[in-house]
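In: after the sequence you'll find the predicted model.
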Amino acid sequence: MKTPRVSIILPVYNAAAYVAGAVKSVLNQSFADFELVIINDGSTDNSLEIVKGFKDDRIKIVENEINLGLQLTLNKGLKLSRSEYIARIDADDEWIGVDKLKEQVDFLDNNKSCVLIGTGASVINESGEEIYQVSLPRTDKEIRQKMLKANQFFHSSIMMRVSALDKVGFYNEDADSKHIEDYDLWLRLGKIGEFYNLPIVALRYRDIGSSVSRQNVIGQLKKNIRLIKKYRYDYPGYIFALVHNNLKLVIYGYGKLLSFRKYIFRLKNKNKKNYTDNRKKILIWESLSHIAGGQRVLLNILPYLKDDFIVTVIAPSPGTFSKALDEMGVSVKFINTGTYNAGKKNIFDILKYLLLFPLGLIKSFLLVKKNDLIYINSTRVLPGGLLGGLIFKKPVVWHNHSLISDGKTKALLNILTKFSSLKKMIAVSNSVSNQFPQLKNKTIVLYNGVDLDKFKPGKESKSNNIMVVGDLMPTKGQDVLIRALASFNNVDYKLKIVGSARAGMELYETSLKELVKELNLEKKIEFLGRRSDVDKLLPDMSLLVLPATGFEACPMVVLEAMACGVPVIVSDLGGTTEIVQDDYVGYLFRAGDEKDLEKKLNKFFNLDYKKIIAMKLNCRKEAELKYDLKDNAIKINSVIKNILS
């Protein structure tokens, strides 16, 4: 097979709305001697089906089994490429014109000292309307003068020489290089060769609320400053670049999120027709940075809200939750609410909350004022949301996933929920609703929903594969399950523990692993850590156990297991008693009672095959009848619309 001259790397993750445009813009190029390497990075939407719909021998589709992230995916693409030159395009961008590749190849062919070439760009919004145009410095000398001040290349516009990459290495895969992996690589390339930007606008660059520069400005600037210091001897203008970026850091640190370059270009283009979005704005407030049950509920319903509302989400800090929002194209703002203990709060939790609350409240007011409705997805941030709603006369919806065991917290909430700003509480179970009888007229009970197309039964398995999913912390009761299983030496089972320690619970995770060793269960119990592919793991299980010793309002993983046709054994605290019926979809056991759990496990292990099949069918039927995500999301959408109307 003839080796193509150019390999084009296109990583794709949940980009169904845009990826077809990116692929078409590549296939339309007049220069045809290329391969298009499309890497599907574990997309959960129909991105893969869309790219497979293109029939062109130059397209090579690669699938990551799990989401690896951009850095690892790009390097995978580089390793798979077979060409002299590498070009890049992101799934939400498009090339303009048909000669972009041709002009870059011609330039590199005739300028052997050039290692990296880019173009200017037309910056567009989420709807494809042009906001402004950017023409970057052209010559190597001009680019170098500004290279420390800021990245002078649009990633989706570049073409680079493979022989140069072989000398400096690929994209940096370190966590500290996330979001600056391109800038770091360009600075390394510039040490061995020359730069150039063609004087053409050959890229439609989509600037939406999910972009890094919009979501994590402070973290981005700090990383840029580290690069400036690292390469200060390789490029001119070190002092100016350092002062410039530190000044921006100060400005952004005070919340003045203003890009001077964009402001200038918008002034120049002020006569252009502005895109007007008449959708109502909703502000969703969350208190965890990682993805637990409540965050998964929110991520599930967001696609059903985005079409009808402009959505902004507040998270406490960057993490797996903000990454998922970023990949969905949802704007994220960060307000630190601090870490805290689950269940009963100690004096340190209260002090941290009191110290962080005033600053968080002020920051939140700036966002509350700009939105039409406040959607609280976490009890911890309810006070701030209710106060903001009261001051700025914004309605508040509280999606309550919590069964509150702490008396001080419950007393405070009973006072705050009297505020007129609270218009509706969406309770995820009757157990949650019953905590606040005074809100009866404002409450709708709506069990969590499951994506039935994503979580579905797999092939029949006669082995005893058991799974427990959740943060590793005492209230999740993983230790109770391990001790209960210790008596089943003659049963051929495998327990997979999915999850990692929540902040401050690391000792509990260590104690679990020591308990497994102490009971000689290393061959039967496996710790998988936090996983993003639970939907792939669950169908292969024969049983899911939720051994929580604390209250569970409406545990998502139980509903997901049922959707996969997997029977469940769960503790009898809170909303689980409303979901699980004994001998129908599984069993309930007394929370914290390992002997009772042992009894229910023994009952399950001794079920005949017909009974197990009937239980699996019942699980799926219950999920379809009561817990369909689409029905759930439509009802939530309707609640918001009714309040705003």
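Out: Cool, got the structure. Numbering: from 1, shown residues only.

In: show the pLDDT at the residue lying closest to K641 once chain neighbours are set aside.
Out: Closest residue to K641 apart from its sequence neighbours, by C-beta to C-beta, 6 or more residues apart in numbering: D308 at 7.2 Å. Placement of C-beta: from N, CA and C, glycine included. Note on D308: pLDDT of 88.

In: surely D308 touches K281?
Out: No. Counting by C-beta atoms under 8 Å, K281 is not a contact partner of D308; they are 11.2 Å apart.

In: neighbours of the closest residue to S433 other than its chain neighbours, how many?
Out: Excluding the flanking residues, the one nearest S433 by C-beta to C-beta, 6+ apart is A427, at 3.8 Å. Close neighbours of A427, defined as other C-beta atoms under 10 Å, add up to 25.

In: same check on the one 10 residues further on?
Out: The burial metric for P437, expressed as a neighbour count using other C-beta under 10 Å, is 9.

In: helix or strand for I310, which one?
Out: strand 309-315 (DSSP states H and E).

In: which strands and helices lie in contact with that strand?
Out: strand 280-285, helix 293-305, helix 320-328, strand 331-334, helix 347-368 (3 or more C-beta pairs under 8 Å, 6 or more residues apart in numbering; DSSP states H and E).

In: convert the second one to CSV, retaining C-alpha atoms only.
Out: In other words, helix 293-305. The C-alpha trace of helix 293-305 is given here as CSV (Å, rounded to 0.1, in the frame of the first residue of the first chain):
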residue,chain,number,x,y,z
GLY,A,293,-24.7,9.4,42.0
GLY,A,294,-26.1,12.9,41.9
GLN,A,295,-23.6,14.1,39.3
ARG,A,296,-24.5,11.1,37.1
VAL,A,297,-28.1,12.0,37.4
LEU,A,298,-27.4,15.6,36.2
LEU,A,299,-25.1,14.4,33.4
ASN,A,300,-27.9,12.2,32.2
ILE,A,301,-30.6,14.9,32.1
LEU,A,302,-28.4,17.7,30.7
PRO,A,303,-28.7,16.6,27.0
TYR,A,304,-32.5,17.0,27.4
LEU,A,305,-32.2,20.5,28.8
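
In: what's the angle between it and helix 320-328?
Out: Orientation note: helix 293-305 sits at an angle of 10 degrees relative to helix 320-328 (axes from the mean of the first three to the mean of the last three C-alpha atoms, to 10 degrees).

In: pLDDT of helix 293-305, averaged?
Out: What helix 293-305 shows for mean pLDDT is 89.

In: repeat for the first one
Out: Looking at strand 280-285 alone, the average pLDDT works out to 94.

In: what are the boundaries of the strands in the stretch 351-500 of the chain?
Out: For the stretch 351-500 of the chain, the strands defined by DSSP state E, counting those that start in this stretch cover 373-376, 396-400, 422-427, 443-445, 464-469, 493-498.

In: so the fifth one versus helix 293-305, what angle?
Out: Read that as strand 464-469. Inter-element angle recorded for strand 464-469 and helix 293-305: 80 degrees (by the same axes, to 10 degrees).

In: quick one: strands adjacent to strand 464-469?
Out: Partner strands and pairing direction for strand 464-469 (DSSP bridges) are strand 493-498 (parallel), strand 543-546 (parallel).

In: so where's the protein uncertain?
Out: Within the chain, the stretches with pLDDT under 70 are 1, 208-217, 251-277, 337-360, 461-462.

In: returning to that earlier point: closest one to E65 among the helices and strands packed on strand 309-315?
Out: Among the helices and strands packed on strand 309-315, helix 320-328 comes nearest to E65, with 17.2 Å by C-beta to C-beta.

In: state the distance from the residue of the chain most remote from its centre to V98.
Out: Largest separation from the mean C-alpha position in the chain: N110, at 43.4 Å (C-alpha atoms, centre = their mean). In this view, N110 and V98 are 20 Å apart by C-beta to C-beta, to the nearest Å.

In: and L515, by the same measure?
Out: Distance of L515 to V98, given as C-beta to C-beta: 64 Å.

In: when those two are compared, which one has more neighbours?
Out: Neighbour count, other C-beta under 10 Å: between L515 and V98, L515 has more, with 16 against 12.

In: sec struct for that one, please.
Out: Secondary structure, DSSP: H, G, I helix; E, B strand; the rest coil: L515 is helix.

In: so who does the most centrally placed residue in the chain touch?
Out: In the chain, the centroid-proximal residue (C-alpha atoms, centre = their mean) is A324; its distance is 1.0 Å. Applying C-beta atoms under 8 Å, 6 or more residues apart in numbering, we find A324 in contact with I291, L299.

In: swap in the one 4 residues further on?
Out: By C-beta under 8 Å, 6+ apart, M328 lies in contact with N14, S210, L299, L302, P303, K306.

In: most neighbours among those residues, which one?
Out: N14 (21 neighbours).

In: on that earlier part again, got the strands of the stretch 351-500 of the chain as TSV, with distance to E142 columns?
Out: TSV is the format used below for the strands of the stretch 351-500 of the chain (distance: least, C-beta to C-beta, whole Å):
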stretch	distance to E142
strand 373-376	48
strand 396-400	52
strand 422-427	56
strand 443-445	61
strand 464-469	54
strand 493-498	52
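
In: nearest to I335, of those?
Out: The minimum distance between I335 and the strands of the stretch 351-500 of the chain falls on strand 373-376, with 12.9 Å, by C-beta to C-beta.

In: going by neighbour count, which residues in the closest one are buried?
Out: Of the residues in strand 373-376, L373, I374, Y375, I376 count as buried by neighbour count, 16 or more other C-beta atoms under 10 Å.

In: cool, and stretch 454-469?
Out: Judged by neighbour count (16+ other C-beta under 10 Å), stretch 454-469 contains these buried residues: F455, K456, N464, N465, I466, M467, V468, V469.

In: which of those sits closest to N602?
Out: Taking those together and measuring to N602 by C-beta to C-beta, the closest member is N464, at 11.8 Å.

In: list the contacts of that closest one.
Out: Per C-beta under 8 Å, 6+ apart, neighbours of N464: V491, D492, Y493, K494, S542, L543, F605.

In: count the neighbours of the fifth one for me.
Out: This points to S542. Residues near S542, counting by other C-beta under 10 Å, number 20.

In: please verify my assumption that it contacts I466.
Out: Yes. With contacts counted by C-beta under 8 Å, S542 reaches I466, the gap being 7.0 Å.
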